[in-house]
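**Student:** My questions are about this predicted structure, shown below with the sequence.
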Amino acid sequence: MKKDNIIEKGLIAAKGIAAMIPVLGGTITSVWSDVEAIQAKRKHERLEEFYIALKEEVEEMKEQVSVSYVSQPDFLDIFELTAKYIVNERNEEKRILFRNILINSITVKNCSYDKTEKYLRTLEQMNSFELLLLKILKNPKVYNEQRGGIIKNPNERQSNAVYQVHYTLISEFKGIVSDLTNVSQDDISEAMYFLESNRLVKDKASESKLQTNGNPIHILDDKLTSKGKDFISFILR
């Protein structure tokens, strides 16, 4: 796509956003001008992508938008921060997650600007595996099933009831995550340290052990903090 076409499409979307959220008018133009000065086609494309997607989503849920939240000067800072993170983010998935935080912040009840800013900064620091861990811990059983049941219950599908043996195993958190993701336990420890430090998962969750005759995947249950659950609700839609 030619740069002129990118600019034209991006600015059309920007005008659409400004029409729905008037307070953003000057900020949208300012952000676009900053990117224009960089003269980087890929950054224009990311900003255009953000503006167009945001315009479409706000149109779909305009009845849910908190007028009080989007009409204050502090929202301009949140919008500009989100746009800058997106422009500088190479990973497409994270660009979508940044946008999700902004969308959720303007539609949920009683969201503070400080909370939105904190979630944006936390996401900016996270790598792909840390994000994957959060998605797994949101619902380990469902994630395991979606991957074809990598972690299995050793007592399932035993056909001969007379000679059936029930196994009781001790499972460890990092061992199960390693089997589920094919990531080394050292890398898991490093990722969990970040998540625990940011209070997204419970303290010492990575050291958990479980003795069970059921599916070992349950060692991953109930490891998110209330903040972790809330953070996931902001980045996923």
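**Tutor:** Right, received. Where do you want to start?

**Student:** make it CA atoms for all contacts and neighbour counts henceforth
**Tutor:** OK.

**Student:** Let me see the contact set for residue 106.
**Tutor:** Counting by CA atoms under 8 Å, 6 or more residues apart in numbering, residue 106 makes contact with 65, 66, 69, 70.

**Student:** With respect to pLDDT, which of those ranks lowest?
**Tutor:** Ranked by pLDDT, the contacts of residue 106 bottom out at residue 70, which has 83.

**Student:** roughly how far apart are that one and residue 77?
**Tutor:** Residue 70 sits 11 Å away from residue 77, going by CA to CA, to the nearest Å.

**Student:** Which residue of the two possesses the greater neighbour count?
**Tutor:** residue 70 (20 against 15; other CA atoms under 10 Å).

**Student:** now residue 156, what's its secondary structure?
**Tutor:** Assigned with DSSP: H, G, I helix; E, B strand; the rest coil, residue 156 falls in the coil class.

**Student:** how many neighbours does it have?
**Tutor:** 11.

**Student:** Give the helix, strand or coil label for residue 170.
**Tutor:** strand.

**Student:** Now do the strands in the protein.
**Tutor:** In the chain, the segments counted as strands under DSSP state E are 169-172, 209-212.

**Student:** now these as TSV including mean neighbour count, mean pLDDT and distance to residue 103?
**Tutor:** Shown next, in TSV, are the strands of the chain (neighbours: other CA atoms under 10 Å; pLDDT from 0 to 100; distance: least, CA to CA, whole Å):
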stretch	mean neighbour count	mean pLDDT	distance to residue 103
strand 169-172	16	85	37
strand 209-212	15	85	38
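
**Student:** Just send these back as CSV, with distance to residue 226 too.
**Tutor:** Formatted as CSV, the strands of the chain follow (distance: least, CA to CA, whole Å):
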stretch, distance to residue 226
strand 169-172, 23
strand 209-212, 21
